[in-house]
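[1] A predicted structure for the sequence below; I have some questions about it.
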Amino acid sequence: MSLKSFAAKLFASIIHKKTQKWASNPVETQQRVFKSLIAQAKDTAFGKDHKFNQIKDFRDFAKQVPVRDYEALRNYIDRVVAGESNVLWKGLPIYFAKTSGTTSGAKYIPLTKESMPYHIEAARNAILAYIHETGKADFVDGKMIFLQGSPILDEKNGIKLGRLSGIVAHYVPAYLQKNRLPSWETNCIEDWETKVDAVVKETMDEDMSVISGIPSWVQMYFEKLKEKKNKPVGEIFKNFNLFIYGGVNFEPYRAKFEQLIGRRVPSIELFPASEGFFAYQDSQKEEGLLLLLNAGIFYEFIKADEFYTENPKRYTIGEVELGVNYVLILSTNAGLWGYNIGDTVRFVNLNPYRIVVSGRIKHYTSAFGEHVIGKEVETAIQEAMEGTDVEVNEFTVAPQTTPSEGLPYHEWLIEFGNKPKDMEAFSLKIDQALRKQNVYYDDLIVGKVLRTLVISPVKTGGFQDYMKSIGKLGGQNKLPRLSNDRNIADKLDLE
């Protein structure tokens, strides 16, 4: 055992004890976070506008502070972007994480000196949790790759600006720097396809032990590696034994990854966003991600099926239930208040509080009142693939409300790595799995409002071509699993 792996195990034990302390006192932990946030922001413009000096508890807060998305908070954010101090949080942010908004154009999410450390610590602690539970730490001696956005930062009114993954690249600890790939120069390449080619060239003869990134883009890297070396990734990197990912559900990609790697590799799931680092997989044995209750974020939850009703109830951590789909609402030490990030989560454990990400409140298919969500379609296709040699590279689902003949249906646009031998039987398996999960969809099929879903095979590389056409190839960009319109479906090239 190397000195570095021994030290990692020791550090993992220390962090585990600290995690257990706050995780075993969830309500008290969140109460402390809440009081700290209100106290630190009471003299800001937002705090004065919403009478933070009169807020004594969460119920006061819920009365004073409405739930907002980016657009509704934008008048405050624009003042911060313009250089005004003490607007949403004390002082000025140290960064803006620039993200793409569907209705807002570019979005500028503030990162403060109080919030930034939690982004770094959470990613580190996820790895340490894995080491503590499994006892495996040898990977710290190998090379590690993080497929991420460019670390080159712009500046806006004296505040540095870039993609979150590019900002985080500046915080890689010194003890990991010599093990880290690709090089700074390669990481700075903006064009994603050019960048992946350069990453392949830099890494293909190295001893890679840890690979991290969004699954769809890591898959692209693996495919190019396999093509270049003409052998599975697991043979190219014999000591590759940990995959770290976030952003999307890995399960629909798992079969393809195992085929590209040639074996199964343990994985750690993360739940980061520009707005905060919310959860990570703390166990290889238990389902779900540990919700980070001590990370400068106060959480609220609104039941997804009540979200668009007038004045829906806002729940705190001690009030949530297992199995309910909740919209995640945040108040943070970066100055986001009652903020709807757009993600939905479901609790799978209440001791400690573990969640699964179930989708996006705006990404659903409900052209006929069925409200099918991301978790349901991902589970359905995963169940249909079990026990088969079918490989799915990518997919999305859209309603077809005006077919040329017959009843309307859900169209599943799928790019296959390996097609089903019987497409109709595969479609039926997906449909049955979806009907089991969603009673409204089942009722529409039974009532002959809809016919069973239809699969439209997308040509190889079709999804990458689409993402490239809208300027979102690579980085942190993700394809929506579901749409309530045909804006994506009608732009994809079919076989």
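    Done, it's in.

[2] so Val348 sits against Arg354, correct?
    Yes: the pair Val348 / Arg354 is scored as a contact, 5.4 Å apart, by CB atoms under 8 Å. Glycine gets a C-beta too; all of them are placed from N, C-alpha and C.

[3] among these two, which residue is more densely surrounded?
    Counted by other CB atoms under 10 Å, Val348 and Arg354 do not tie: Arg354 has more neighbours, with 21 against 15.

[4] quick one: contacts for Tyr409?
    Pro399, Gln400, Pro403, Leu450, Arg451, Thr452, Leu453, Val454 (CB atoms under 8 Å, 6 or more residues apart in numbering).

[5] do that again at 6 Å, thanks
    By CB atoms under 6 Å, 6 or more residues apart in numbering, Tyr409 lies in contact with Gln400, Leu450, Arg451, Leu453, Val454.

[6] compare the residues you listed and tell me which is most surrounded.
    Among these, Leu450 has the most neighbours (other CB under 10 Å), with 23 neighbours.

[7] can you read off the pLDDT for that residue?
    Predicted confidence (pLDDT) for Leu450: 89.

[8] the residue lying closest to it once chain neighbours are set aside and Ile159, how far apart?
    Among residues not flanking Leu450 along the chain, Leu444 sits closest, at 4.4 Å (CB to CB, 6 or more residues apart in numbering). Using CB to CB, to the nearest Å, we find Leu444 at a distance of 49 Å from Ile159.

[9] Glu287 reaches Phe347, doesn't it?
    No: the criterion here is CB atoms under 6 Å, and Glu287 misses it with Phe347 at 10.6 Å.

[10] between these two, who's got more neighbours?
    Phe347 (20 against 11).

[11] secondary structure element holding the more buried one?
    Following DSSP states H and E, one finds Phe347 within strand 339-350.

[12] what's that strand packed up against?
    strand 325-332, strand 353-360 (3 or more CB pairs under 6 Å, 6 or more residues apart in numbering; DSSP states H and E).

[13] returning to what we had before: shared neighbours, Val348 and Arg354?
    Common contact partners of Val348 and Arg354 (CB under 6 Å, 6+ apart): Gly288.

[14] hmm, back to that, quick one: neighbours of the residue nearest to Leu450, just the number.
    Around Leu444 sit 20 other residues, with neighbours defined as other CB under 10 Å.

[15] got a pLDDT number for it?
    Looking at Leu444, the pLDDT reads 86.

[16] correct me if wrong: it contacts Arg451.
    No: assessed by CB under 6 Å, Leu444 is found out of contact with Arg451, at 9.6 Å.

[17] now do the same for Gly83: helix, strand or coil?
    Three-state call for Gly83 (DSSP: H, G, I helix; E, B strand; the rest coil): coil.

[18] can you count the residues close to it?
    Using other CB under 10 Å, Gly83 has 12 neighbouring residues.

[19] so it versus Cys188, what's the distance?
    In terms of CB to CB, Gly83 sits 27 Å off from Cys188.

[20] all helices of the stretch 201-350 of the chain, in order?
    For the stretch 201-350 of the chain, helices defined by DSSP state H, counting those that start in this stretch occupy the ranges 215-229, 233-236, 251-261.

[21] and the last one, what's its mean pLDDT?
    Helix 251-261 carries an average pLDDT of 86.

[22] which other helices and strands contact it?
    Against helix 251-261 (3+ CB pairs under 6 Å, 6+ apart) you get helix 215-229, helix 233-236, helix 374-385, strand 391-400.

[23] again with the first one
    Under the contact definition 3+ CB pairs under 6 Å, 6+ apart, helix 215-229 sits against helix 192-203, helix 233-236, helix 251-261.

[24] mind putting these in TSV, mean neighbour count and distance to Met116 included?
    Converted to TSV, those look like this (neighbours: other CB atoms under 10 Å; distance: least, CB to CB, whole Å):
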stretch	mean neighbour count	distance to Met116
helix 192-203	18	25
helix 233-236	19	33
helix 251-261	19	30
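
[25] tabulate those (JSON lines), appending distance to Gly387.
    Shown next, in JSON lines, are those (distance: least, CB to CB, whole Å):
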{"stretch": "helix 192-203", "distance to Gly387": "32"}
{"stretch": "helix 233-236", "distance to Gly387": "22"}
{"stretch": "helix 251-261", "distance to Gly387": "11"}
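
[26] re earlier: in JSON lines, list the helices and strands packed on helix 251-261 along with mean pLDDT and distance to Val439.
    Listed next are the helices and strands packed on helix 251-261 as JSON lines, based on pLDDT from 0 to 100; distance: least, CB to CB, whole Å:
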{"stretch": "helix 215-229", "mean pLDDT": "89", "distance to Val439": "30"}
{"stretch": "helix 233-236", "mean pLDDT": "95", "distance to Val439": "41"}
{"stretch": "helix 374-385", "mean pLDDT": "90", "distance to Val439": "11"}
{"stretch": "strand 391-400", "mean pLDDT": "92", "distance to Val439": "18"}
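
[27] with distance to Ser165 as added columns, please give the ones you listed in JSON lines.
    Listed next are the helices and strands packed on helix 251-261 as JSON lines, based on distance: least, CB to CB, whole Å:
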{"stretch": "helix 215-229", "distance to Ser165": "11"}
{"stretch": "helix 233-236", "distance to Ser165": "22"}
{"stretch": "helix 374-385", "distance to Ser165": "22"}
{"stretch": "strand 391-400", "distance to Ser165": "21"}
